[in-house]
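**Q** Pasting the sequence and the predicted coordinates here, then a few questions.
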Amino acid sequence: MEIAPLTSADAAALLPLVEALARHHGDAHGATAATLARDLDDGWLWGFGAGNPLLGYILLMPHAQAQFGRRGADIHHLFVRPEARRRGLARGLIERAEADARRRQCSYLVIGAHRGNDAARATYETAGYTWTEPTFWRFRKML
């Protein structure tokens, strides 16, 4: 199946998948096609989509370990429609993201998953990712 870079022109097709991922996690969503187009257009997010119509996607954003001089990328979203799972789409999207991260001179990728999401954990471990025990607290302030 074709895996292609996502552009702002894909925002309307991407939105239902972003909403589906939010529902899967029980999250509210406020994304719109316009906010997705903005973020893809200015490079805040980049990623790849699988299929036409879109069956899955992966979105990345910059990550860094400045103290080590390392560039990385955070796999912000990875989602495959339930009816398209178990066909290797997630693996293909991860591999495409890894190749792109190498091209961008990244030396690592990170990805998070909700505790208890055993399917995601198995996917990431099969792809060679290791779980790391957090060593710091994370805080957030809404602006």
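**A** Received, thanks. Numbering: from 1, shown residues only.
**Q** Report how many residues lie close to Leu15.
**A** When neighbours are defined as other Cβ atoms under 10 Å, Leu15 has 19 of them. Glycine gets a C-beta too; all of them are placed from N, C-alpha and C.
**Q** For it, which non-adjacent residue is spatially closest?
**A** Ala33 (5.1 Å; Cβ to Cβ, 6 or more residues apart in numbering).
**Q** The one you found: what's it in contact with?
**A** Contacts for Ala33 (Cβ atoms under 8 Å, 6 or more residues apart in numbering) come out as Ala11, Ala12, Leu14, Leu15.
**Q** Excluding chain neighbours, what is closest to Gly47?
**A** Nearest-residue entry for Gly47: Leu59, 4.0 Å, with adjacent residues in sequence omitted and distances by Cβ to Cβ, 6+ apart.
**Q** which element is the one you found on?
**A** Assigned by DSSP states H and E, Leu59 belongs to strand 56-65.
**Q** So for stretch 97-115, what gets flagged as buried?
**A** For stretch 97-115, the neighbour count (16 or more other Cβ atoms under 10 Å) marks Ala97, Glu98, Asp100, Ala101, Cys106, Leu109, Ile111, Ala113 as buried.
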